[in-house]
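A.B. asks: What follows is a predicted structure for the sequence shown.
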Amino acid sequence: MRKLYSICLLILVALLSFSCKDKAPEAKEKNARLQAAFWASPEEDLKPTIWDTGDTTVTNEDRLEIFEPAIRNIGGGYIGVGSIQNFTLAAWAKSEYVWLMDFTRIVVATNKIHVAFLKRLKTPEEHRAMWDKKLSAAAADKIIDEEFPEGAERKFAKESYRKASPYLMITFGFLDRLAKKRPYTHWLNNQEQYDYLKKLAQENKIRAVRGNLNGDTTVLGIGEAARKMGVPMRIMYFSNAEEYFGGYKPSFKKSFGSLPTDNASVVLRTISFWKEKFPWATDSDLSTQRGFHYSVQDAASFQAQLKLEKVDVRDFYAKAVLDPKEPGLSYLGALAAGKVSATKQK
């Protein structure tokens, strides 16, 4: 009986092994298709601007953890503007593919450097230390040499590293203060989150691209790539850029209105206008004199309103609902309606 059992077990193991081997080429081919689509979308050309300075490579949105419950483990695709805050949000969301875009060359270069560091470094502490140019410039240059093509791009990356270094070191200090005051974890103080981003980086699933929110190339290309990949864009993060638009331009409405989304997709933004009605979150002005109000909107409501002839970000706040426990946070669109309904039922 034991002999018969052993033979059956060996046959089962052999069959499973054959099945796994049979699927391996298929999985490899699928991954190759996804990678090709992810990296093939076009980018806009960027010209030097007055914002190619070190202070644009950090965030002054000090209370990003307010967003964490709304995006925890939602996966999918991520598109966002700005710098290190995107890594924080993507790690909380467990995003599967990450597109980081910005209209300033230095931010794009710095995001690429972060990805290069993620591929090669082991801990959040090593990552932070690598941005200390007084101690780590030579080691950072070696990584940049390995990651960036020789020529103008590599030269600009090294210049960007040196410009960004002092601002990032200061920002790391602010993050430490905030995390102690209202204990939460992020990719620069938590190994598990760092490891998650490291895995994405090593699998080439984080891409820093040149792009303007109001451009007509980069976002459209990302949307087309995401559709080919079958990846819903679960997070659209705009920081506070929209409050400077003076209404959404046709190019913005076309590109973001056509991004593939699903019922779990959300828009994250910050605002500083109408402070009396939409108060700045406590300590959101820790790193600068300007604070922010934080908002979450369902993507369906956002994309539906982009179809209107004229629409401005302020229009979304007509029926916004403040979080009763965190007045520095508001819900917009269908999320606001859901909060009102839940309150009435109580």
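C.D. replies: Happy to help now that I have it.
A.B. asks: what stretches of the protein score poorly on pLDDT?
C.D. replies: 1-23, 340-346 (pLDDT under 70).
A.B. asks: Okay, strands next: where are they in the stretch 151-300 of the chain?
C.D. replies: 206-210, 233-237, 266-271, 293-298 (DSSP state E, counting those that start in this stretch).
A.B. asks: Export those as JSON lines, with columns for distance to residue 316 and mean neighbour count.
C.D. replies: No exception for glycine: its C-beta is placed from N, CA and C like everyone else's. Listed next are these as JSON lines, based on distance: least, Cβ to Cβ, whole Å; neighbours: other Cβ atoms under 10 Å:
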{"stretch": "strand 206-210", "distance to residue 316": "26", "mean neighbour count": "22"}
{"stretch": "strand 233-237", "distance to residue 316": "13", "mean neighbour count": "25"}
{"stretch": "strand 266-271", "distance to residue 316": "9", "mean neighbour count": "24"}
{"stretch": "strand 293-298", "distance to residue 316": "6", "mean neighbour count": "25"}
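A.B. asks: Format the ones you listed as JSON lines; extra columns: distance to residue 112.
C.D. replies: JSON lines is the format used below for the strands of the stretch 151-300 of the chain (distance: least, Cβ to Cβ, whole Å):
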{"stretch": "strand 206-210", "distance to residue 112": "5"}
{"stretch": "strand 233-237", "distance to residue 112": "18"}
{"stretch": "strand 266-271", "distance to residue 112": "23"}
{"stretch": "strand 293-298", "distance to residue 112": "27"}
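A.B. asks: of those, which approaches residue 246 most closely?
C.D. replies: When the strands of the stretch 151-300 of the chain are compared by Cβ to Cβ, strand 266-271 sits nearest residue 246, at 14.2 Å.
A.B. asks: now for the closest one, which elements pack on it?
C.D. replies: Packed against strand 266-271 by the contact rule (3 or more Cβ pairs under 8 Å, 6 or more residues apart in numbering; DSSP states H and E) you find helix 68-71, strand 233-237, strand 293-298, helix 299-305.
A.B. asks: so which of the ones you listed gets nearest residue 48?
C.D. replies: Closest approach to residue 48 among those is made by strand 233-237 (25.2 Å; Cβ to Cβ).
A.B. asks: tell me the angle of the closest one relative to strand 266-271?
C.D. replies: If you take axes from the mean of the first three to the mean of the last three Cα atoms, to 10 degrees, strand 233-237 sits at 0 degrees to strand 266-271.
A.B. asks: Could you list every helix and strand in contact with strand 233-237?
C.D. replies: strand 77-81, helix 84-93, strand 266-271, helix 299-305.
A.B. asks: got the helices and strands packed on strand 266-271 as JSON lines, with distance to residue 103 columns?
C.D. replies: Output for the helices and strands packed on strand 266-271, formatted as JSON lines (distance: least, Cβ to Cβ, whole Å):
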{"stretch": "helix 68-71", "distance to residue 103": "24"}
{"stretch": "strand 233-237", "distance to residue 103": "15"}
{"stretch": "strand 293-298", "distance to residue 103": "22"}
{"stretch": "helix 299-305", "distance to residue 103": "21"}
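A.B. asks: Kindly state which of these is positioned closest to residue 44.
C.D. replies: That would be strand 233-237 among the helices and strands packed on strand 266-271, by Cβ to Cβ, at 17.8 Å.
A.B. asks: which residues sit against stretch 113-123?
C.D. replies: Identification of contacts with stretch 113-123 by Cβ atoms under 8 Å, 6 or more residues apart in numbering yields 84, 87, 127, 130, 140, 143-144, 146-148, 157, 160-161, 164, 191, 194, 197-198, 200-202, 206, 208.
A.B. asks: so how far is that stretch off the chain centroid?
C.D. replies: 16 Å (Cα atoms, centre = their mean, to the nearest Å).
A.B. asks: And for stretch 174-185?
C.D. replies: Between the centre of stretch 174-185 and the centre of its chain there are 20 Å (Cα atoms, centre = their mean).
A.B. asks: Identify each buried residue in that stretch, please.
C.D. replies: For stretch 174-185, the neighbour count (16 or more other Cβ atoms under 10 Å) marks 174-175, 178-179, 185 as buried.
A.B. asks: Max pairwise distance over the residues you listed: which two?
C.D. replies: 174 and 185 (15.7 Å).
A.B. asks: now stretch 205-214, how far from the centre of its chain.
C.D. replies: On the basis of Cα atoms, centre = their mean, stretch 205-214 sits 10 Å off its chain's mean C-alpha point.
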